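S.K.: Dropping the sequence and predicted coords here.
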Amino acid sequence: MLNKRIYITDGRVKHYSKEDEVNKKLGDILGEKFIRYRKEWDTVNRFEIVTEYLLFIHLDVNQKCNMEDYSK
């Protein structure tokens, strides 16, 4: 059986991995700027601070017009 590690980024969701925690791995590759970004992102995600700027944008792209959903 594979040796899996458990890590938690937000205090609620458990991640199971056979490798290092992904943010640590990316921090090793991308450096201090990424590490600071992730610390700030985790703090905002826990609603501990509010920033004056967006930390990320999530866009869902689809091929269907949603106009019909509003006309009902």
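M.R.: Noted; the coordinates are in hand. Nothing here was measured: the structure is a model prediction, and the numbers come from that model.
S.K.: which stretches of the chain have low pLDDT?
M.R.: 1-11, 13, 15, 17, 19, 66-72 (pLDDT under 70).
S.K.: how much space between residue 33 and residue 41?
M.R.: Note on residue 33: its distance to residue 41, by CB to CB, to the nearest Å, is 13 Å. Any C-beta I mention is one placed from the backbone N, CA and C, and that applies to glycine too.
S.K.: which one of the two has more residues nearby?
M.R.: Residue environment comparison for residue 33 versus residue 41 gives the larger neighbour count to residue 41, 16 against 9, counting by other CB atoms under 10 Å.
S.K.: what's near enough to touch that one?
M.R.: 55, 56 (CB atoms under 8 Å, 6 or more residues apart in numbering).
S.K.: doesn't it fall inside a helix?
M.R.: Yes - counting by DSSP: H, G, I helix; E, B strand; the rest coil, one finds residue 41 located in a helix.
S.K.: could you measure it against residue 26, distance?
M.R.: Taking CB to CB as the measure, residue 41 and residue 26 are separated by 12 Å.
S.K.: do residue 54 as well
M.R.: Using CB to CB, residue 54 is found at 20 Å from residue 26.
S.K.: who has more neighbours, these two?
M.R.: The residue with more neighbours, out of residue 54 and residue 26, is residue 26; 15 against 7, by other CB under 10 Å.
S.K.: Since that was my last question, I'll sign off now.
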